[in-house]
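Asker: My questions are about this predicted structure, shown below with the sequence.
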Amino acid sequence: MNTIKRTLQDKISERIEPNKAILLFGARRVGKTVLMRELIKTFSGKSMLLNGEDYDTIALLNERSVANYRHLLEGIDLLAIDEAQNIPDIGSKLKLIVDEIEGVRVIASGSSSFDLLNKAGEPLVGRSTQFRLNPFSQNEISQMENALETRQNLESRLIYGSYPEVVMLNSFERKTDYLRDIVGAYLLKDILAIDGLKNSGKMRELLRLIAFQMGSEVSYEELGRQLGMSKNTVEKYLDLLSKVFVVYRLGAYSRNLRKEVVKAGKWYFYDNGIRNAIIGNFTPLAIRQDVGALWENYLISERIKAADNESQAKEFYFWRTYDNQEIDLIEESYKGLSAFEFKWGDKKPSAPVAFATAYPEASYEVINKEGYLKFIS
């Protein structure tokens, strides 16, 4: 796995500064620990690596006092804490450390954003920089394969995804077993650790329904009826799933034209392999009915990875009118508005008339297998 250097490594190294914290988020098993070890390896000062899942680490940081942290960090230039979301009140503890321990630098990783951001006693506003580590991007994988191999491996990426260990495994059987293990053992671990949320069965059922509706507009009321829960509970569960980086939502783009859909949402998975493991389908593309949805999920997720890895300020949406003119992806950035339609086949439809009329300044492009590498780069 060390043969692939993560794009974020140099960017994070540049931001390691005295009395500042780096917050590194990402799903379980995407390589946060490996990246932290690489960052420590290239850091010139003295470092300490702690694991938030270790009881001794929790005990060391338990006493939230300047005296305790000065004693613990004497002579330490870089404090790195892996799986920091497991440490109670980690946000306020990090704040005290970066405020009071002269010269110390902090990196904290988390497979959920619950404690590091939402439950911190005092936020790390002005004291931290946030990064999100995703499964391997195709740009990163290109370090170990040429353009021909990339094209040959496209079907594997659509079916098995790009988790680091999955990419490194040679057989499809081992890839399948690994993804099933992740879904069974790791996927919901952070969510189910929250007090009062014990219904893992309902959460898994919800994930399956979202997986089958991937790329389609989702009705929370309908999901609630199917699962026997309220609309508000469905929204709560989906919010939690997004905070552990399993799924993400695209909202509808609109400048409030009367015929544009404005309140709908589509849900996608950060990784195709996780989605396919949830529904238990690793069959070849030639005999699948969901190739279009897999293609769309893969391309959007790769585009989001690129934005995260390059720290690009972009907003992502889909677009549709009430008479069903639609576009798969809308990107909004300082460069303007860009629209993309994804086709697994060779069709290249023109931009919908309503969109071209409403947004004449926007670019429009159809992405198929011939031009996709440029798009995801």
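Answerer: Received it, and whenever you're ready, just let me know what you need.
Asker: quick one: contacts of the helix or strand that contains residue 316?
Answerer: Using DSSP states H and E, residue 316 maps to strand 315-320. With contact meaning Cβ atoms under 8 Å, 6 or more residues apart in numbering, strand 315-320 is reached by 217, 250-254, 260-261, 264, 266, 300, 303-304, 326-333, 339, 355. Every residue, glycine included, has its C-beta placed from N, CA and C.
Asker: CA atoms of the helix or strand harbouring residue 98 as CSV?
Answerer: Per DSSP H and E: residue 98 is located in helix 90-100. C-alpha atoms of helix 90-100 as CSV (Å, rounded to 0.1, in the frame of the first residue of the first chain):
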residue,chain,number,x,y,z
ILE,A,90,-11.6,15.4,22.1
GLY,A,91,-12.4,18.8,20.6
SER,A,92,-12.0,20.8,23.8
LYS,A,93,-8.9,18.8,24.8
LEU,A,94,-7.2,19.6,21.4
LYS,A,95,-8.1,23.2,21.9
LEU,A,96,-6.4,23.3,25.3
ILE,A,97,-3.3,21.6,23.9
VAL,A,98,-2.8,23.9,20.9
ASP,A,99,-3.6,27.0,23.1
GLU,A,100,-1.4,26.2,26.0
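Asker: which SS class is the residue located most distally from the centre of the chain?
Answerer: What lies farthest from the middle of the chain is residue 67; by Cα atoms, centre = their mean that is 37.1 Å. Following DSSP: H, G, I helix; E, B strand; the rest coil, the label given to residue 67 is helix.
Asker: again with residue 166
Answerer: Classification of residue 166 using three-state DSSP returns helix.
Asker: re earlier: pull up the pairing partners for the strand holding residue 316, direction included.
Answerer: With DSSP bridges as the test, strand 315-320 is paired with strand 247-252 (parallel), strand 326-333 (antiparallel).
Asker: This protein: strands as residue ranges?
Answerer: Here the chain has its strands, by DSSP state E, at 21-25, 47-51, 78-82, 105-110, 128-132, 247-252, 265-269, 315-320, 326-333, 336-342, 363-367.
Asker: on that earlier part again, next one: the residue farthest from the centre of the chain from residue 80, what distance?
Answerer: 22 Å (Cβ to Cβ, to the nearest Å).
Asker: re the thing from before, counting contacts, what elements does the helix holding residue 98 pack onto?
Answerer: On a contact count with 3 or more Cβ pairs under 8 Å, 6 or more residues apart in numbering; DSSP states H and E, helix 90-100 meets helix 66-72, strand 105-110.
Asker: Return the helix or strand in this structure with minimum mean pLDDT.
Answerer: The helix or strand with the lowest mean pLDDT-type score in the chain, counting by mean pLDDT, DSSP states H and E, is helix 189-192 (a mean of 72).
Asker: Just name whatever secondary elements that helix is in contact with.
Answerer: Secondary-structure packing of helix 189-192 (3+ Cβ pairs under 8 Å, 6+ apart): helix 200-212.
Asker: can you rerun that using 10 Å?
Answerer: Applying 3 or more Cβ pairs under 10 Å, 6 or more residues apart in numbering; DSSP states H and E, one finds that helix 189-192 contacts helix 200-212, helix 231-243.
Asker: So which bits of that helix are buried?
Answerer: Across helix 189-192, burial judged by 16 or more other Cβ atoms under 10 Å covers 190-191.
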